[in-house]
Structure formats: C-alpha cells, structure tokens
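1. give me coordinates for this.
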Amino acid sequence: MRTKIANASLALLLASFAMASATVFSQAAPAPKSPKKHWQPALTADAVHNSAIVIDTHADTPGRFVDDAFDPSTDAGKGHWDFAKARKGNLGAEFFSIWVDPTIYKDHYTRRALDMIDSVHEAARKNPRDLVMAYSAHDILAARTGPHPRVAALIGVEGGHAIEGDIRVLRDFYRLGARYMTLTWSNSNELGQSSGDLKPGDNGRPKDPGLTDFGRDVVREMNRLGMMVDISHVSDRSFYHALVVSRAPVIASHSSSRAITNHPRNMTDDMLVALARNGGVAQVNFNCGFISNDYLAQSKAFEDAHPAEMKRAQQLWLAPKTPETRAELDRLQAMADAAIPRPPLSALIDHFDHMIKIAGIDHVGIGSDFDGVQCLPLGIDGVQDLPKITAELTKRGYSATDLKKVLGGNLLRVFTEVERVSHQIQNEQNPDKRPEVEIPHSK
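-> Numbers count the residues shown, from 1 in each chain. Model prediction:
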C-alpha cells in the first residue's frame, strides 16, 4: 500500500514539474512561425481543359463511317472528327449519333440504324489504342485512366422512328450499346410530336399533341433500361410530357437557347428551368443556324434567291459521297459561305453563358453536332477546337470547378443518376401503380 502511495506521489510530482516546465518554456520561447504560403497561379484554361473529362453528346460521324467508308485514323479533311483532332481537343467521350434519314430509308429504318451501330463497334475494334466502347459512366472514367487514355465511344439513337414502333427494338438497341435515344428527330413519329413539322391548329397556333401513349411507354422503358431520355428535336409539349413521365433526369443532347436565337429547335428559358428542376442537362449545339439570328435571316434570304442550288446542296449533303459529288458540294458550300458569313465564336459562348445563368452551372454541357451540320462558328472547325470553348468561358469568369462540370461532369452526373434509377426500378418489389393524371390535348 505504501509503495503504491509513494509511486503515485512520484507520478504526481513529475507531472507537476512537466506542467511547470512547459509554462516556463512557453513564456521563454517564441511561438514557431507558420510556414510561408507559396503563391500558386490559377490554372490556365489549357490546364483546366486538359485535366477535365471532356464529353460531347452528339457527333454524326457514323454516317461517314457507313456511306464514305471513313477511317477515323486518317485525316478527316473538312470533316469535324478524327482521332488526331480528338486528341488535340482532349476529347474523353463521344456519343456517336445514329441518325436515319426518314425519307431515304423509309420502311427500313431499323436496318439502317443497325448498320450505323455496327460501324461504331467496328471503328473501336479496328482502332483499339484510340477508341473503346463504353456502356456506363464508369466505363467513361476507365477509358480515360492509365498511361494510354482512349476516347470512350457511346451510342445515341437520334429519332424514335428508328425503332419502327416496336419497343423490343428499343431493348435491342440498348443491348448493342445505345445509352440515349432522342424521342423524335425533325419528323413526328409513333412516340410523339416533333418541333420540326408542327402544323397550325384551328386557333392559328401550332397544333402540338405532345407524346403519344406509346411514347410514354417508351420513356418508362428507357428509365427501366438505364437509357437517357433525349428531348432535343421534340415539340414543347412533348418536352413537358417527357418530364412528367420520366423518373430519371433527361437530357437535351444538342440544343441551344431560344431566348438568344429564335428557332423552334432551341429551348425556351422556361424549358431550361424545368430541365434543371428535373436534374437534367442541356448540351449546347454549335450549329450556326441555332446560335445566330443574323445567320438565320441571311440563310433564308440566300435560299430564297438560290432555291435550286440549295436543294442540290442538301441532296449532296445527305447522299454517300464520291470524289465528284464532294467537289460539287464543296463548290456550292463555298458559294454559300461567301454570301453568308459564319457567326463569331462569341455567339456560341453567349448561348453557354445564358443557359448557365438560367438553368444553373450544374445543368449545361457540350452537344456539338459535329459532322451533322454544314456551318460552325468562326474558330470552331472540328473537335480539335474544343479548348477554345474553355478559354472563352474562362475569360467570362468561370472557375476551373465550373468549367469541369460543363465540359463533362454534368453529363456524367446525369448518366450515373439514370443508372441508379434503372437499378431502383428493376429491384422494386412494389412497382409504382399510381394512376397517371391525364394531360389534356391541345385542339
């Protein structure tokens, strides 16, 4: 007992001495100086761009794969997309558009779509060091990691007419890699009304019935599969119907702002706000006709003055190319370019800026429409010029964090959420059986 008391006393004494010493030393010795903070410059626009996962949700290059036997390992020439250009633009992922011309391929839309889907898979098979098929958000990230990052190739079906009214074809497209489908192209179809062929109603306003019952079923099945619902090209009413039906965020794969450029293909501010509330993302389209009112007016005047030449140019643009037809198309395009100046790059950046202000920084991205349009703004000649978008947005005050969202982070977020909702639906024990409120049709 005495030993324990003695030991305890000794411990107490030592503790008291240690406290006293600490007090003396703290009074005698100055506090250590904080290490100097070294000033670090803000990341340059190039550094931000090259460290981001850059995702473009719309390139029509499969048409060139099929019709022109184009090999993306070779120089695309005046085309917008090849591997060298993609590397220069630090492109991380491309959604290749499967667009089936509804006039040329009438009665065999699905067969044409399958040819185009196959062409994307073949491009990846033949060029494994440059391109890899991707089927999920995780696959995109995996493609960009390691010592030899590759472009992740994904598939988007542009226009629900490609499934020919058969929801089983939708499921097959998903199995083949389609991860979004645009409900309509410029033509209305079994799914719903397009913005491209609206007819006047009895009241003089456009008649817009919106989505059909089948279209709503397709949206639900896309939610179940994990396929993003794309509302580019659809009518305004079809857009709102899709938002009501979809349990997952939706995307506009290639649409710009109607407040800036008054074109029915673009999105109103109200639509942008609704899309943001849905959690979705609007990917800005680069097409001159969708980003500049001046270009639209000048194009209309030129077409009125040269109807035969413009009709011929459109025919050549849509048809498979030969050296002779390409030379003729180049001549007609040069004639139009001389009469209709390309909009400045600032016109495109104005759309990014406005859409971000309306929808929020989390709801805007890139949907170029490369190889699907005949005119891009000055300074944008293909995928190699994507860093210029980052540079211009940097000049307007956007931070590195914000820029990485616009360059691809927002699309990855939506894609991941669509996958989560799909898993939830597939694992539900009690499916949603609530009756759907009927939306009155316009007269």
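2. let me see the contact set for Val48.
-> By C-beta atoms under 8 Å, 6 or more residues apart in numbering, the contact list for Val48 reads Thr390, Thr394, Ala400, Leu403, Lys404. In short, each C-beta sits where N, CA and C put it, glycine included.
3. what strand or helix carries it?
-> Secondary-structure assignment from DSSP states H and E places Val48 in helix 45-51.
4. strands of this protein, start to end?
-> 54-59, 91-99, 131-133, 151-158, 178-182, 199-200, 206-207, 228-230, 251-252, 281-284, 364-366 (DSSP state E).
5. just the ones you listed: most buried one?
-> strand 251-252 (a mean of 32; mean count of other C-beta atoms under 10 Å).
6. how about the strands of the chain, which one is nearest Ala305?
-> Ranking these by proximity to Ala305 (C-beta to C-beta) places strand 199-200 first, at 26.6 Å.
7. which helices and strands sit right next to the closest one?
-> When contacts are defined as 3 or more C-beta pairs under 8 Å, 6 or more residues apart in numbering; DSSP states H and E, strand 199-200 packs onto strand 206-207.
8. return the distance of the strand it packs on from the chain's centre.
-> The chain centroid and the centroid of strand 206-207 are separated by 29 Å, computed with C-alpha atoms, centre = their mean, to the nearest Å.
9. start the count at 35, not 1, going forward
-> All right, first residue 35 from here; so that's strand 240-241.
10. now that strand: mean pLDDT?
-> In this model, strand 240-241 has a mean pLDDT of 91.
11. parallel or antiparallel, list what pairs with it.
-> strand 233-234 (antiparallel) (DSSP bridges).
12. off-centre distance for the partner strand?
-> 30 Å.
13. now stretch 417-430
-> With C-alpha atoms, centre = their mean, you get 16 Å for stretch 417-430.
14. and for that stretch, what's in contact with it?
-> 79-80, 82-84, 86, 88, 90, 93, 114-115, 118-120, 122-125, 128, 379-380, 382-383, 386-387, 400, 402, 404, 413-414, 437, 440-441.
15. which among those count as buried?
-> The neighbour count (16 or more other C-beta atoms under 10 Å) marks 79, 82-83, 86, 88, 90, 93, 114-115, 119-120, 123-125, 128, 379, 382-383, 386-387, 400, 402, 404, 414, 437, 440-441 as buried among these.
16. related to what we said a few turns ago, which one of the contacts of Val82 is nearest to Arg98?
-> Distances from Arg98 to those, taken by C-beta to C-beta, are shortest for Thr424, at 26.3 Å.
17. any idea how far the closest one lies from Ile383?
-> Using C-beta to C-beta, to the nearest Å, we find Thr424 at a distance of 11 Å from Ile383.
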